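[1] Could you look at this predicted model? Sequence included:
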Amino acid sequence: MNDVFGEAILDYHLGECNEDIITSTSISDEEPLKVSYLFRTFDEMPFLEQTALNMANGKVLDIGCGAGSHSLFLKAKGYEVKSIDISPKAIECCRLRGLENIEVLNVLNETDTFDTLLLLMNGSGIFKSLKQTPEVLAHLKTLLNKNGQILIDSSDIKYMYEDEDGGFWIDTHNAYYGELEYTIRYKNNEDSFLWMYLDFERLKTACAIVGLNCKKLKKGPHHDFLAQITLRD
């Protein structure tokens, strides 16, 4: 794996480069992503992220922590936070920003337990596909303490397939319209990977399969939502 995100994050923190990350998907053209957005303060975060951070409690696992902005906010509030990411350079940036309980780790290899699992910035992306979603949720379930919660945001991107007449051109041969190939480019490095935007009803169904409750907490302005997943009694 090319550590494209991590390189951009570490460069920005060290003041070595302020070049945009270029993103695209299998259904969308290239768009720039300013690296500074990954370093946003609480006041600069979208409403759904602010809501999730205010709901976090107890011992927290920040999954896919990136530059560590969510973790830093929670640490400042006095929470015990572990921050994990598969990007070594992102984790190095987190260390330089003052986070200590950090690790280069895929959440599927996490074994500790927590009161809150955070999956923000389209957290459903880690499921990669609709088929794999129950399997990943089953593992996340093992990481929850009693009365624990998973706070996850996602988007229903069905609107991206809508034509001018209000119809949809979704390819019925594809497994699910939210499954995309995501490509990122920074300087001369590029990486492509599977990523998924999961609508709420399918998230709720996948949770039920593995014995989890799923509740929609808030709707965002761009077909996005924040959900809370908990253990069944």
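    That came through fine.
[2] So, low pLDDT: which residues of the chain?
    Scanning the chain with the threshold set as pLDDT under 70 gives 1, 162-174.
[3] just wondering, since we're on the spatially most central residue of it, how far is it from His13?
    Geometric centre of the chain, nearest residue: Gly123, 2.7 Å, by C-alpha atoms, centre = their mean. Separation of Gly123 from His13 (C-beta to C-beta, to the nearest Å): 23 Å. Where C-beta positions appear, they are placed from N, C-alpha and C, glycine not excepted.
[4] show me what contacts Cys93?
    By C-beta atoms under 8 Å, 6 or more residues apart in numbering, the residues touching Cys93 are Gly6, Ile9, Leu10, His13, Ala67, Gly68.
[5] rerun that using 10 Å as the cut-off
    Contacts of Cys93 were listed using C-beta atoms under 10 Å, 6 or more residues apart in numbering, and they are 6, 8-14, 38-39, 65-68, 85, 87, 99, 102.
[6] now Leu14
    By C-beta under 10 Å, 6+ apart, Leu14 lies in contact with Glu92, Cys93, Leu96.
[7] make it 8 Å
    Leu14 neighbours (C-beta under 8 Å, 6+ apart): Leu96.
[8] so how far is Met45 from it?
    Applying C-beta to C-beta to Leu14 and Met45 gives a distance of 23 Å.
[9] repeat for Ala227
    17 Å.
[10] Identify the spatial nearest neighbour of Leu130, chain neighbours not counted.
    Spatial nearest neighbour of Leu130, excluding adjacent residues (C-beta to C-beta, 6 or more residues apart in numbering): Tyr176 at 4.2 Å.
[11] what's the answer for Pro46, then?
    Gly220 (6.7 Å).
[12] With Leu137 instead?
    Closest to Leu137 by C-beta to C-beta, 6+ apart is Val210, at 5.0 Å.
[13] Compare neighbour counts for Ala227 and Met45 and give me the winner.
    Taking other C-beta atoms under 10 Å, Ala227 and Met45 do not tie; Ala227 has more neighbours (24 against 19).
[14] Do I have it right that the more buried one meets Lys215?
    Yes: at 6.5 Å, Ala227 and Lys215 qualify as touching, with contact defined as C-beta atoms under 8 Å.
[15] which helices and strands sit right next to whichever strand or helix holds Ile152?
    Using DSSP states H and E, Ile152 falls within strand 144-155. Counting contacts by 3 or more C-beta pairs under 8 Å, 6 or more residues apart in numbering; DSSP states H and E, strand 144-155 packs against helix 47-55, strand 114-119, helix 200-209, strand 224-231.
[16] what sits against Gly178?
    Applying C-beta under 8 Å, 6+ apart to Gly178 gives the contacts Ser124, Leu130, Asp156, Ile157, Met196, Tyr197, Leu198, Asp199, Arg202.
[17] Just say helix, strand or coil for the residue nearest to the last one when sequence neighbours are not counted.
    Leaving aside its sequence neighbours, Arg202 sits nearest to Leu130 (C-beta to C-beta, 6+ apart; 6.4 Å). Taking DSSP: H, G, I helix; E, B strand; the rest coil as the rule, one finds Leu130 in the coil state.
[18] distance of Leu130 from Glu201?
    Taking C-beta to C-beta, one finds Leu130 at 12 Å from Glu201.
[19] More neighbours: those two, which one.
    Between Leu130 and Glu201, Leu130 has the larger neighbour count (other C-beta under 10 Å), namely 19 against 11.
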